[in-house]
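K.L.:
quick one: sequence plus predicted model below, questions after.
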Amino acid sequence: MAALRVSVGGWNGEFYGMTGLSRLQPGYYGDLQRYPFHNAAKGGLSWSGNGRGCNTLKGWFVVDSVSYSLGQMTAIDLRFEQHCEGGAAAQRGVIHWVKQGATRLTSHQSTLTPAPPSSRVLSAPPENSISCSADSAVSVETSPPDPVSR
């Protein structure tokens, strides 16, 4: 299942690719609805926490880059936008995560470079943003459980 689940500072993000993908790949995932009530043929997303969330949403996410080693995700750069209850206001965010101790091939170099010593999750722009230092507790699941088995 092509999915990513992120938890940090009381916030939770769930990003699901469309049916048929075994793992997230770089690209645009659009016309999405709230996970787990989404159209599996398109994918789904949800960003919520600290008493805030959407009953219904429309949105998208873009995987700018992703790295795998031995079938396990080791790094991802992802941007997203969601609109709650059909509103025009948007929640936007950026996730940058590198598994501690992993190496990653950067898009500008042809050699492997060491990853930063800690994982980070950052959101932007300034309004509605979440910002966590490298010392913050970050939990990333790259294979969330099937929603039917919950």
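P.N.:
Noted; the coordinates are in hand.

K.L.:
first vs last residue of stretch 29-48, how far apart are they?
P.N.:
The straight-line separation of the ends of stretch 29-48 (CA to CA, to the nearest Å) is 19 Å.

K.L.:
outside of that stretch, which residues touch it?
P.N.:
Stretch 29-48 is contacted from outside by 2, 11-19, 53-63, 80, 82, 91, 93, 147, using CB atoms under 8 Å, 6 or more residues apart in numbering. In short, each C-beta sits where N, CA and C put it, glycine included.

K.L.:
what about residue 19, helix or strand, and which?
P.N.:
Here residue 19 sits in a region with no helix or strand, counting by DSSP states H and E.

K.L.:
tell me which helix or strand of this protein sits lowest on mean pLDDT?
P.N.:
With mean pLDDT, DSSP states H and E as the measure, the helix or strand of the chain carrying the lowest mean pLDDT is strand 112-114 (a mean of 30).

K.L.:
from the contacts of stretch 29-48, list the buried ones, please.
P.N.:
Buried members of the contacts of stretch 29-48, counted by 16 or more other CB atoms under 10 Å: 2, 11-17, 54, 57-61, 63, 80, 82, 91, 93, 147.

K.L.:
give me the subset of those that lies in strands.
P.N.:
Those of those mapping onto strands are 11-16, 57-61, 63, 80, 82, 91, 93, per DSSP state E.

K.L.:
which residues of this structure score low on pLDDT?
P.N.:
Low-confidence segments of the chain, defined by pLDDT under 70, are located at 101-150.

K.L.:
and residue 63, how far from residue 25?
P.N.:
Note on residue 63: its distance to residue 25, by CB to CB, to the nearest Å, is 7 Å.

K.L.:
which parts of the chain are strands?
P.N.:
Here the chain has its strands, by DSSP E, at 3-8, 11-16, 27-34, 44-49, 57-69, 72-84, 91-98, 103-105, 112-114, 138-141.

K.L.:
each with direction, which strands does the fifth one pair with?
P.N.:
Each strand pairing with strand 57-69, determined using DSSP bridges, is listed with its direction: strand 27-34 (antiparallel), strand 72-84 (antiparallel).
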